[in-house]
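**Student:** Take a look and give me a structure for this.
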Amino acid sequence: MKAMFGVVSLLVALTIVGLVVVKQMKATGLVAAPAVEAAGLPAAPTMSGSGALREQSQQLQNKVAQDVAKALEQGAAARQDAIGK
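**Tutor:** Okay, here's the model as predicted:
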């Protein structure tokens, strides 16, 4: 009985985490709402010939790299201000 409650609790926790992850990904625009086929299963993702997914990924990587560089520069400037005072 104790083991069954443990397994059910684990499944509930994983479901909650999964729902939160999907909600976050939809909010950031990283994933679109899946289309549902007649069988009730989500449709398989299709790759367009234009490479839009690759371009989007590259843009995101570049933005993150720029944000990290900017944060490092701000940190260095703050450190220099603190040393100078």
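
**Student:** The lengthiest helix in the chain: how far from the chain's middle?
**Tutor:** If you go by DSSP state H, the chain has its longest helix at helix 52-84. Its chain's C-alpha centre and that of helix 52-84 lie 18 Å apart, by Cα atoms, centre = their mean, to the nearest Å.

**Student:** burial of residue 22, as a residue count?
**Tutor:** For residue 22, the tally of surrounding residues (other Cβ atoms under 10 Å) stands at 13. (Each C-beta comes from the backbone N, C-alpha and C, glycine too.)

**Student:** Next, work out how far apart the spatially most central residue of the chain and residue 18 are.
**Tutor:** Nearest to the geometric centre of the chain sits residue 25, at 5.1 Å (Cα atoms, centre = their mean). Distance of residue 25 to residue 18, given as Cβ to Cβ, to the nearest Å: 11 Å.

**Student:** ok, now which ones touch residue 70?
**Tutor:** Counting by Cβ atoms under 8 Å, 6 or more residues apart in numbering, residue 70 makes contact with nothing.

**Student:** any idea how far it lies from residue 82?
**Tutor:** Taking Cβ to Cβ as the criterion, residue 70 is separated from residue 82 by 19 Å.

**Student:** Likewise for residue 7?
**Tutor:** As defined by Cβ to Cβ, residue 7 lies at a distance of 53 Å from residue 82.
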